[in-house]
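Peer 1: here's a sequence, model it:
(one chain, ligands or ions: 2)
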Amino acid sequence: MRKRITNYIRSGHAGLYIVSPEEARVESELKTVAKSLKRPLWAWSATTGLVDTQDGSSKGGNDPLEAMTAIGALPDDTLVLLRDFHLFLQDGNPVLIRTIKDELVRAKSKGIVLVVLGCRQVLPPELEREFILLDFMLPNKEQLGTVLDNICDSAKQAKPTGDARDRILDAATGMTCLEAENAYALSVIESKKVDPDVVAREKAATVKKNGILEVVTVRETLDDIGGLDVLKGWLLKRRDAFSQRAREYGLPNPKGLLIVGIPGTGKSLTAKATASVFGRPLLKLDAGKLYGSLVGQSESNLRSVIQTAEAIAPCVLWLDEIEKGLAGSKSSGSTDGGTSSRVFGSFISWMQEKTAPVFVVATANDVTQLPPELLRKGRWDDLMFVDLPNDQEREAIWKIQIQRHGRDWSHYDTLALAKASAGFTGAEIEQAMIDAMYAAFAGGREPGMPDLLWAVGETVPLSKLMAEQIAGLKKWAVGRCRMATSSVEKTKGRKIAA
Ligand SMILES: Nc1ncnc2c1ncn2[C@@H]1O[C@H](COP(=O)(O)OP(=O)(O)O)[C@@H](O)[C@H]1O
Ligand SMILES: [Mg+2]
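Peer 2: Numbering: from 1, shown residues only. Ligands and ions are numbered 1, 2, ... in the order given. You can find the predicted model right below:
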């Protein structure tokens with residue numbers, strides 16, 4: 001990062017825009033750069049005006065327009081840090097925009113560099129070409145380690161080493177230095193040491209703050225999924241995909257998996273279990289919340305999501321019901337000025353180009369809502385279609401659900417239950433189980449076969465209500481998707497090398 005900034009400055013760029021929530025870290029980085037280039041660094045904010053960072057002398061100019069005039073009077077080769085300047089750009093004040101443009105021309109000839117620092121990217125189109133946009137990366141493990149050592153020093157504690165240190169730093173990735181420092185300090189207060197679980201909990205809370213990303217605690221494993229043998233096998237094969245061994249073998253990082261199917265067939269469940277298979281954290285992205293109302297906010301949100309995911313990587317990034325977040329992109333030209341299709345385009349290109357080990361798993365109920373470019377070959381490692389469970393799968397699901405609700409499945413005739421619940425999804429089987437338990441509980445008995453069969457009889461499955469849509473979806477999937485379940489004939493006859 002330091003090198004990039006230095007190179008831009010040395011090559012005579014007059015406008016840089018650094019996006020980062022970490023003001024202090026960026027400022028100290030800029031100070032180092034200024035020192036190494038032997039250039040003066042002035043810093044501006046609306047409260048202090050223009051101040052020389054070396055001797056503290058001030059030139060006033062609290063108003064952004066006045067500041068521009070004051071900058072014009074600075075000596076050649078000065079670097080100027082503009083704090084929160086993006087806030088003045090977001091309402092597109094024409095006089096200010098013009099002044100900045102003029103000032104940039106003047107600055108260039110004098111070797112002055114304007115460095116806008118903001119936590120978001122807000123650049124009106126008029127200025128987009130005038131500034132080089134730089135994402136200031138979240139701190140790496142080494143930097144988070146330095147923060148950890150400082151906290152340990154001030155708390156008079158031994159610095160964690162080896163495995164314990166790795167676990168703490170792993171828990172801290174994705175946070176800014178300040179957030180990590182706060183998490184470490186809180187942990188020392190709470191448990192007298194820096195505890196990776198406390199750090200992980202604090203990270204989950206900070207990631208959630210913007211409402212777009214969430215760190216999900218995963219309990220689900222592949223054993224919680226009945227059926228879907230092909231899908232499970234697919235995931236298991238990629239279990240070590242992020243390992244050094246896989247890189248050395250020459251395997252590319254997996255891109256991601258799109259799971260399509262009717263509601264209640266275990267798509268979200270599988271997405272969660274994916275994180276268990278990889279043994280890595282699960283980040284859930286709410287694509288619908290990506291779209292902000294301010295200019296450039298959606299793009300900025302996406303960048304921050306990607307940055308966090310890449311910092312936490314290897315990890316699984318989960319987009320549930322992707323059609324909801326992207327619904328606008330099909331017709332966005334008319335609905336939101338093309339924002340969602342642009343943001344969506346950026347997401348797709350990130351998915352294609354990413355080198356960081358982030359495995360994207362997306363689910364969709366309704367493919368008709370999805371933009372076709374999302375379904376094009378090569379976008380994903382695979383498209384999986386989850387059908388209604390077959391007889392064997394329903395029996396497996398019954399066993400899992402009976403067990404999950406604290407009963408021993410061997411006390412039930414699971415074959416009969418599977419037969420009776422033909423056309424049910426996994427979610428409907430779970431609901432029938434719960435209904436049966438309520439009925440039995442009210443009757444003061446353990447749920448027996450009659451309760452379960454009664455609950456099954458009471459249920460009108462979605463497959464009956466939506467027969468046409470389901471048939472349509474299935475027809476769409478044939479030839480486009482890999483089936484998540486191997487076909488019945490095959491499972492009977494021979495072992496499948498899925
Ligand atoms: N194949 C399955 N095996 C076990 N349970 C299932 C299965 N499919 C669905 N379920 C149950 O139904 C619930 C809802 O399923 P979910 O994964 O949310 O469906 P979807 O995302 O496809 O709409 C799950 O939490 C689980 O309890
Ligand atoms: Mg779901």
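Peer 1: show me what from the stretch 301-450 of the chain comes close to ligand 1.
Peer 2: Residues of the stretch 301-450 of the chain lying close to ligand 1 (C-beta under 6 Å from any ligand atom) are Thr363, Ile397, Ile400, Gly426, Ala427, Glu430. Backbone N, C-alpha and C define where each C-beta goes, glycine included.
Peer 1: pLDDT score for the nearest residue to the third one once chain neighbours are set aside?
Peer 2: So the one you mean is Ile400. Spatial nearest neighbour of Ile400, excluding adjacent residues (C-beta to C-beta, 6 or more residues apart in numbering): Gly226 at 5.0 Å. What the model reports for Gly226 is a pLDDT of 96.
Peer 1: what's the offset of stretch 208-223 from the middle of its chain?
Peer 2: For stretch 208-223, the distance from its own C-alpha centre to the chain's C-alpha centre is 10 Å (C-alpha atoms, centre = their mean, to the nearest Å).
Peer 1: could you tell me the end-to-end distance of it?
Peer 2: Taking C-alpha to C-alpha, to the nearest Å, stretch 208-223 runs 29 Å from one end to the other.
Peer 1: break this structure into its domains for me.
Peer 2: Here the domain parsing of the chain from automatic domain parsing is 2-135, 141-207, 222-386, 389-498.
Peer 1: neighbours of Val305, how many?
Peer 2: Using other C-beta atoms under 10 Å, Val305 has 22 neighbouring residues.
Peer 1: correct me, but it touches Leu290?
Peer 2: Yes: at 7.3 Å, Val305 and Leu290 qualify as touching, with contact defined as C-beta atoms under 8 Å.
Peer 1: tell me, what's touching the two both at once?
Peer 2: Residues touching both Val305 and Leu290 by C-beta atoms under 8 Å, 6 or more residues apart in numbering: Ile212.
Peer 1: would you list every one of the helices in the stretch 351-498 of the chain?
Peer 2: 372-375, 391-404, 414-420, 426-442, 449-458, 462-465, 467-477, 488-493 (DSSP state H, counting those that start in this stretch).
Peer 1: in CSV, list the ones you listed along with mean neighbour count.
Peer 2: What follows is the helices of the stretch 351-498 of the chain, written out as CSV (neighbours: other C-beta atoms under 10 Å):
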stretch, mean neighbour count
helix 372-375, 14
helix 391-404, 21
helix 414-420, 18
helix 426-442, 19
helix 449-458, 18
helix 462-465, 15
helix 467-477, 14
helix 488-493, 10
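Peer 1: out of these, which comes closest to Gly12?
Peer 2: Taking C-beta to C-beta, helix 372-375 is the member of the helices of the stretch 351-498 of the chain nearest to Gly12, at 38.8 Å.
Peer 1: dump the closest one to CSV, restricted to CA.
Peer 2: The C-alpha trace of helix 372-375 is given here as CSV (Å, rounded to 0.1, in the frame of the first residue of the first chain):
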residue,chain,number,x,y,z
PRO,A,372,-29.1,-14.6,-17.5
GLU,A,373,-25.5,-13.6,-17.2
LEU,A,374,-25.5,-15.0,-13.7
LEU,A,375,-26.4,-18.4,-15.1
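Peer 1: who are the packing partners of it?
Peer 2: Counting contacts by 3 or more C-beta pairs under 8 Å, 6 or more residues apart in numbering; DSSP states H and E, helix 372-375 packs against helix 339-353.
Peer 1: run through the residues that contact Ser191.
Peer 2: Contacts for Ser191 (C-beta under 8 Å, 6+ apart) come out as Val198.
Peer 1: Lys110 versus that one, what's the distance?
Peer 2: Using C-beta to C-beta, to the nearest Å, we find Ser191 at a distance of 55 Å from Lys110.
Peer 1: pLDDT on stretch 81-94, on average?
Peer 2: Stretch 81-94 shows a mean pLDDT of 90 in the predicted model.
Peer 1: show me the contact partners of that stretch.
Peer 2: The contact list for stretch 81-94 (C-beta under 8 Å, 6+ apart) reads 17, 23, 27, 30, 41-46, 53, 64, 67, 96-97, 114-118, 120-124, 126-127, 294-295.
Peer 1: so what's Asn301 closest to, chain neighbours aside?
Peer 2: Of all residues beyond its chain neighbours, the one nearest Asn301 is Leu290 (5.1 Å), with distances taken as C-beta to C-beta, 6+ apart.
Peer 1: tell me the contacts of the nearest residue to Trp476 once chain neighbours are set aside?
Peer 2: In this structure, Trp476 finds its nearest non-sequential neighbour in Val367, 5.9 Å apart by C-beta to C-beta, 6+ apart. Taking C-beta under 8 Å, 6+ apart, we find Val367 in contact with Val260, Glu323, Leu375, Leu473, Trp476, Ala477.
Peer 1: check those residues and tell me the two furthest apart.
Peer 2: So, the contacts of Val367 by C-beta to C-beta: farthest apart are Glu323 and Ala477, at 14.7 Å.
Peer 1: low-confidence ranges, the stretch 201-350 of the chain, go.
Peer 2: 292-295, 326-338 (pLDDT under 70).
Peer 1: which residues of it fall in helices?
Peer 2: Taking DSSP H, counting those that start in this stretch as the criterion, the stretch 201-350 of the chain carries its helices at 229-237, 244-249, 267-278, 297-312, 322-335, 339-353.
Peer 1: for Leu134, find the nearest of the ones you listed.
Peer 2: Among those, the nearest to Leu134 by C-beta to C-beta is helix 297-312 (11.2 Å).
Peer 1: in this protein, which residue sits nearest ligand 1?
Peer 2: Taking C-beta to the nearest ligand atom, ligand 1 has its nearest neighbour within the chain at Gly426, 2.1 Å off.
Peer 1: Thr187 and Lys203 touch, don't they?
Peer 2: Quick fix: residue 187 is Ser, not Thr. No: in this structure Ser187 lies outside contact range of Lys203 using C-beta under 8 Å: 11.4 Å.
Peer 1: switch the residues of the stretch 301-450 of the chain next to ligand 1 over to a markdown table; also include pLDDT.
Peer 2: Putting those into a markdown table (pLDDT from 0 to 100) gives the following:
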| residue | pLDDT |
| --- | --- |
| Thr363 | 95 |
| Ile397 | 98 |
| Ile400 | 98 |
| Gly426 | 97 |
| Ala427 | 98 |
| Glu430 | 98 |
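Peer 1: just to revisit the earlier point, of the contacts of stretch 81-94, buried ones?
Peer 2: Among these, the ones that count as buried by 16 or more other C-beta atoms under 10 Å are 17, 23, 27, 30, 41-46, 64, 67, 96-97, 114-118, 120-124, 127, 295.
Peer 1: so what's the nearest residue to Asn253 once chain neighbours are set aside up against?
Peer 2: Distances taken as C-beta to C-beta, 6+ apart put Pro357 closest to Asn253, at 5.3 Å, once the chain neighbours are dropped. Going by C-beta under 8 Å, 6+ apart, Pro357 touches Ala241, Phe242, Asn253, Ala313, Pro314, Cys315.
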